[in-house]
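> below are the sequence and a predicted model for it; my questions follow.
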Amino acid sequence: MKPRTYILPIALILFSVNTRTPLAGDRGLSNHGSPIPQKNDFNWGLESIRANKNLNQSQQQKEIIVAVIDTGVDKNHEYLKEALWKNLGEVGKDHLGRDKETNGIDDDQNGFVDDFQGWNFTESNNDITDYHGHGTHIAGIISGRHPQNQIRTSLTTQTKLMVLKYYDPSKASVENLRNTIKAIHYAVKMGAHIINYSSGGIEPSRLEQKAIEWANRKNVLFVTAAGNEASNLDEKGYYPADYDLPNILSVTAHDRRYRVLSSSNYGAKTVDIAAPGENILSCLPGSKYGLMTGTSQATAFVSGLAALILAKYSRYLAPFETKHYILESLKREKALMGKTKTEGRIEVLRALSMRGSSADSSGRGIDEQSQKIKEEKLMSLPLIKALNNPFN
Ligand SMILES: [Ca+2]
Ligand SMILES: [Ca+2]
């Protein structure tokens, strides 16, 4: 297969075979970021998806874990540190009174020593420091707090970020793919409800697909980027976005006028949905902020919304149910015609106020209905059916 080039924000060019690369988009990182959020630039994404108001906190009934498989995070960033997931099996004191976080023992016997905050698969240790910037930016969008006025916005108070570092630009590309697969396994094993993967490549991988299939069996939603190559994915593949699996949501990016970005991949038969992705202000390492553009950012908005939906109901929804709420509540836009399967973009308030015939905010309705309606029946809704037959 013909090698393709990927342009990273640090201008590193990789010739890819089975690579997985974090997607920074057109503009990449805005230099080294700013200590002060730039006015008016943060909010457009949140406003366009109607997530800029504080939601009723009572709607958020439980903690949702989002695995961020990326380049690590700045774990000391003021807007991220409280949002980080903790592995309860690796915190507290061991029988000798030592901190489990640092005792050099795999206290919870999951195969990872001192993985109290996630794991660094590139170095096989618990150092999740982000030297790249991409993962911190993505984590900031998912955690969704508003740095200008210091209120928490809807994306979201109960979300915990499980940080899984898979990417090292100095490693062979096949190694980054291997670490992706390991990170998916870790996320599922350790209880993530959603995996955010703002990365991809042109080569499919059977092992990666199997890992995501396993995630589906374990009710883990996999939100992933359509990619930034200006390609029609109905004609070219891009993975993992293009695997035909019911738990995958593939996301392209729109601008302030709801047009798909010129750099974003699209596909009327293959890409699920659009979300904001141009000049998005979020966190950068060193407690800074900066703008990034691309389908990575759009993907993070969708993961944030999925977390809110999961948190709303009294039981955990299956991935196809969460997708149902996102896709049935989207706002259709003329500008997105021919660009995604749904020709729509996400809207948080619409998704969270959706009652339909099957659920109320307690989840009772959907609990009852789910006993009566089998998955096949719900999947027979036209939208969902289309979603599972992307190549038709
Ligand atoms: Ca462990
Ligand atoms: Ca330990």
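Sure thing, it's come through. Worth saying up front: this structure is predicted, and the values here are computed from it rather than measured. Ligands and ions are numbered 1, 2, ... in the order given.
> which bits of the stretch 201-350 of the chain sit near ligand 2?
Residues of the stretch 201-350 of the chain lying close to ligand 2 by CB under 5 Å from the ion: none are found. Using the backbone N, CA and C atoms, a C-beta is placed for each residue, glycine as well.
> can you report how many residues neighbour the closest residue to ligand 1 within the stretch 201-350 of the chain?
Closest contact between the stretch 201-350 of the chain and ligand 1, by CB to the ion, is at residue 218 (18.9 Å). Residue 218: 15 surrounding residues under other CB atoms under 10 Å.
> then residue 112?
Residue 112: 22 neighbours (other CB under 10 Å).
> tell me the pLDDT at it?
On the pLDDT scale, residue 112 is placed at 98.
> just residue 158 next, same as before
77.
> that one contacts residue 82, doesn't it?
No. The criterion here is CB atoms under 8 Å, and residue 158 misses it with residue 82 at 11.4 Å.
> which one's more surrounded, the two?
Per other CB under 10 Å, whichever of residue 158 and residue 82 has more neighbours is residue 158, with 17 against 12.
> tell me which parts of the stretch 1-150 of the chain are close to ligand 1?
Near ligand 1, when you scan the stretch 1-150 of the chain using CB under 5 Å from the ion, you find 106, 108, 110, 112, 115.
> once you drop chain neighbours, what's closest to the first one?
The reference is to residue 106. Nearest non-adjacent residue to residue 106, counting by CB to CB, 6 or more residues apart in numbering: residue 113, 4.7 Å away.
> helix, strand or coil for the one you found?
Following DSSP: H, G, I helix; E, B strand; the rest coil, residue 113 is assigned to coil.
> give the contact list for it.
104-106, 126 (CB atoms under 8 Å, 6 or more residues apart in numbering).
> from these, which is closest to ligand 1?
Distances from ligand 1 to these, taken as CB to the ion, are shortest for residue 106 (4.2 Å).
> near that closest one, how many residues? Count them for me, please.
15.
> residue 68 now?
32.
> can you dump the C-alpha coordinates of the one helix or strand it maps to into CSV?
Per DSSP states H and E: residue 68 is located in strand 64-70. What follows is strand 64-70, C-alpha atoms only, in CSV (Å, rounded to 0.1, in the frame of the first residue of the first chain):
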residue,chain,number,x,y,z
ILE,A,64,-18.2,8.6,34.2
ILE,A,65,-14.7,7.6,33.2
VAL,A,66,-13.4,8.7,29.8
ALA,A,67,-10.1,7.1,28.7
VAL,A,68,-8.0,9.6,26.8
ILE,A,69,-5.6,7.6,24.7
ASP,A,70,-3.2,10.3,23.5
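> next structured bit after that strand?
With elements assigned by DSSP H and E, the helix or strand that comes after strand 64-70 is strand 118-120.
> remind me what the helix or strand just after that following strand packs against, helices and strands.
As assigned by DSSP H and E, the chain's next helix or strand after strand 118-120 is helix 134-143. In terms of contacts (3 or more CB pairs under 8 Å, 6 or more residues apart in numbering; DSSP states H and E), helix 134-143 is packed against strand 64-70, strand 159-165, strand 280-284, strand 288-292, helix 295-312.
> quickly note the distance from the residue of the stretch 201-350 of the chain closest to ligand 1 to ligand 2.
Distance of residue 218 to ligand 2, given as CB to the ion, to the nearest Å: 25 Å.
> my guess is that residue contacts residue 187, does it?
No. Residue 218 lies out of contact with residue 187 (CB under 8 Å); the separation is 9.6 Å.
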